[in-house]
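**Student:** Sequence plus the predicted model coming up.
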Amino acid sequence: MSAAARPPEGGAPSLGEAAAQRQEGSSSSAPARPPEGGAPSLGEAAAQRQEGSSSSETPMAAGWDEARNVLCIRLDNMGDVLMTTPAMRALKGALPGRRLTLLASRSGAAIARHVPEIDEVIVYEAAWVKNAGSPPDTYHATVDRLRACRFDAAVIFTVYSQSALPAALMCHAAGIPRVLAYSRENPYHLISDWVREVEPLPEPRHEVQRQLDLVATIGVQAVDTGLSFRVDDADQEGLDRTLRAHGVALSHGWVLAHCGATAESRRYPTALFAQAIDMLAGAGERVILTGSPDERTLVDEVVARSCDPRRLANLAGALTLGEFGALVARARLLVSNNSGPVHIAAALGTPVVDLYALTNPQHTPWQVPHRLLYRDVPCKYCYRSVCPLGHHACLSAVDPSQVAQAAFELLESHARARPPIMIEAA
C-alpha cells in the first residue's frame, strides 16, 4: 500500500483483517478469525468463543475451577500488559473471590495501579526478555517470593516470538501446581495446560485476541473485551495543577502528539512529526506534546523544528502515568507512534492516528476509531528494534500531510458542535 492510500477505518489488508480492521462501532464487517484460534490444540473453548457472550455452558477446566490465587505473568512492556487486560478480567471474573497477582517488568508493573483487575504486582526484570535483565540473586529471590505466595495456578502471557519455558521453570521451582501457556516445544511437566504455539498465522491474530483465546482453552470466556485503564480523582487533580503550571487552559478538546517509542524502529522522524503538528496547530487545533522523562530531549527536538513553537504545549516528563491517562481521556485525538499511549487511548476511547511501523502486525489499536499510517515495504514484519536496513521506509515515507489529513478526518467524524475552522492560504 502506498503512503497516499488511507486504510479504511484504521486498517489495511496487508496487516490482515483480524489485526487491522477490528474496532467496536466500526462500519467494517467483522474480521476473519484464523480457524478455531489457529489450531485444534486451542481447544473447543477457544473455538466456541463469541464476543459479548459469557458462554456459560463451557465449564472451567479441572483444577482451574478451584484456583482462587492466580499468578499472571507478562514480562515485556506496558502496552503488552494493557493488551492482556481483557484476558485477565475474564480470568478474574470466572470465579468469585479469585485474586490476581501480576509478575511484570518495571515498565509493565507501572500500569498495575490503573488496572482494577490486578490485586497485587511483583516487579521482575527477566533476563530472557529484551528489557534490562536482573542478576541471578534477584531470580532466586523472586522464586522464593512466588513460593511464599502459594499460588494455585499461573498463566504465562507471551507474544508468539517469546518462549514461555523460562517463566514456566520459575513456576515449577516455586511449586505452582498448574500452569497455562503457549509453547512451541513440548514442555512436558513444566506446563500442565499446554496450548501448542501455531503462530505466525497466514492472517495475523491481534495480541488481545491471542490472550483471550489462551484463557478460553480452560473454559474462561470474556463478556467485556475492552482494554482496562482507570483514571481516579487524584490523577485528574494532578493534571489540572500541571496544566495551570504550564499555562494550558483546563478545557477539554486537545490534540495530543506522542513522539516517542521504546524502539527506535517505531519512531516517526522528528522533522516530519514537527511538520504534521504544525499543520494541526495552523488549523486552530490546540496541540499538546507528551513523552516520558527519557523522551524529553526527543520532544524538545520536535518543538525546536516547529515553525512556531509558541503554539505548542510541551508536557514531556511533566506527568505521572495516571495524569497522562487523564489527559488522554479529555483529548479529542491522539497522534502517536505505535507505543503504550496508543493502548491507553484505546482503553479510554480516545481516537488514534497511529504511525504504525511495520515491525509486527498484531498490535493495532483495539476497539477504538483509528487510522493506521505506514508505507508497505518488502522488509515488513522484521520484529527489530532498529531498522536493519537503515532506511526506516515504512514510516519515513509517510508524508506529514497524510498525518494531518487522517487527524482531521477523525476529528470531524467524532466532532461535537463547534465553529468552522478557517485556514489562511500561504
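**Tutor:** Great, that's in hand.

**Student:** switch to C-alpha atoms for all contacts and neighbour counts from now on
**Tutor:** OK.

**Student:** Quick one, grab the pLDDT at A5.
**Tutor:** If you check A5, the pLDDT there is 37.

**Student:** Also V386?
**Tutor:** 74.

**Student:** what does the one 4 residues further on give?
**Tutor:** According to the model's per-residue confidence, G390 sits at a pLDDT of 67.

**Student:** For my notes, confirm A154 occurs in a strand.
**Tutor:** Yes: per DSSP: H, G, I helix; E, B strand; the rest coil, A154 lies within a strand segment.

**Student:** Relative to T58, how far out is it?
**Tutor:** Distance of A154 to T58, computed by C-alpha to C-alpha, to the nearest Å: 20 Å.

**Student:** Look at these two and report which has more neighbours.
**Tutor:** More neighbours surround A154 than the other of A154 and T58, with 26 against 17 (other C-alpha atoms under 10 Å).

**Student:** OK, contacts around the more buried one?
**Tutor:** 70-73, 171, 176, 178-180 (C-alpha atoms under 8 Å, 6 or more residues apart in numbering).

**Student:** Out of those residues, name the ones that lie in strands.
**Tutor:** Under the assignment DSSP state E, the contacts of A154 contribute 70-73, 179-180 to strands.

**Student:** Please identify which of these is nearest to K380.
**Tutor:** I73 (28.8 Å; C-alpha to C-alpha).

**Student:** Could you report the distance from the closest one to D152?
**Tutor:** Applying C-alpha to C-alpha to I73 and D152 gives a distance of 14 Å.

**Student:** Quick one: buried ones out of the ones in strands among the contacts of A154?
**Tutor:** 70-73, 179-180 (16 or more other C-alpha atoms under 10 Å).

**Student:** Turn these into CSV, columns for pLDDT and distance to L243.
**Tutor:** Conversion of those to CSV gives the following (pLDDT from 0 to 100; distance: C-alpha to C-alpha, whole Å):
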residue, pLDDT, distance to L243
V70, 98, 40
L71, 99, 38
C72, 98, 36
I73, 98, 36
V179, 98, 46
L180, 98, 45
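
**Student:** Format those as TSV; extra columns: distance to P166.
**Tutor:** What follows is these, written out as TSV (distance: C-alpha to C-alpha, whole Å):
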residue	distance to P166
V70	18
L71	15
C72	14
I73	11
V179	12
L180	13
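
**Student:** just curious, which of those residues is nearest to L312?
**Tutor:** I73 (39.7 Å).

**Student:** burial measure for G93, as a count.
**Tutor:** When neighbours are counted by other C-alpha under 10 Å, G93 registers 17.

**Student:** what helix or strand does the closest residue to V377 other than its chain neighbours sit in?
**Tutor:** Leaving aside its sequence neighbours, V377 sits nearest to C394 (C-alpha to C-alpha, 6 or more residues apart in numbering; 6.1 Å). Assessed by DSSP states H and E, C394 sits inside helix 393-396.

**Student:** Run through who's touching that helix.
**Tutor:** So helix 393-396 is contacted by 266-269, 272, 355-358, 373-377, 380 (C-alpha under 8 Å, 6+ apart).

**Student:** please redo it, this time with the cut-off set to 6 Å
**Tutor:** With C-alpha atoms under 6 Å, 6 or more residues apart in numbering as the test, helix 393-396 has contacts from 268, 357, 374-375.

**Student:** next structured bit after the biggest helix by length in the chain?
**Tutor:** If you go by DSSP state H, the chain has its longest helix at helix 78-93. As assigned by DSSP H and E, the chain's next helix or strand after helix 78-93 is strand 99-104.

**Student:** C-alpha coordinates for that next one, CSV please?
**Tutor:** The C-alpha trace of strand 99-104 is given here as CSV (Å, rounded to 0.1, in the frame of the first residue of the first chain):
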residue,chain,number,x,y,z
ARG,A,99,-7.2,-12.9,43.3
LEU,A,100,-4.8,-12.0,40.5
THR,A,101,-1.1,-11.1,41.1
LEU,A,102,0.9,-9.7,38.1
LEU,A,103,4.5,-10.6,37.7
ALA,A,104,5.8,-7.9,35.3
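
**Student:** Do a quick rundown of the helices in the stretch 251-400 of the chain.
**Tutor:** 270-282, 296-305, 321-330, 340-348, 393-396, 400-413 (DSSP state H, counting those that start in this stretch).

**Student:** in the chain, which segments are predicted with low confidence?
**Tutor:** 1-57, 263, 382-383, 385, 389-391, 415-426 (pLDDT under 70).

**Student:** Strands along that one, start to end?
**Tutor:** 69-74, 99-104, 120-123, 153-156, 179-183, 193-196, 255-258, 287-290, 312-314, 333-337, 352-355, 370-373.

**Student:** What is the burial count for A62?
**Tutor:** Quick note: A62 (other C-alpha under 10 Å) scores 10 neighbours.

**Student:** need the contact list for it.
**Tutor:** Contacts of A62 (C-alpha under 6 Å, 6+ apart): none.

**Student:** roughly how far apart are R184 and E323?
**Tutor:** 40 Å.

**Student:** Which one of those two is surrounded by more residues?
**Tutor:** E323 (22 against 17).

**Student:** Tell me, how many residues neighbour the nearest residue to L169 once chain neighbours are set aside?
**Tutor:** Computed as C-alpha to C-alpha, 6+ apart, the closest residue to L169 that is not its neighbour in sequence is L190, at 6.2 Å. Neighbourhood size, L190 [other C-alpha under 10 Å]: 24.

**Student:** just the one 3 residues further on next, same as before
**Tutor:** D193 has 17 neighbours, counted by other C-alpha under 10 Å.

**Student:** same check, this time on A141
**Tutor:** 11.

**Student:** Over to Y381?
**Tutor:** A total of 14 residues lie near Y381 under the criterion other C-alpha under 10 Å.

**Student:** Good, we can wrap up now.
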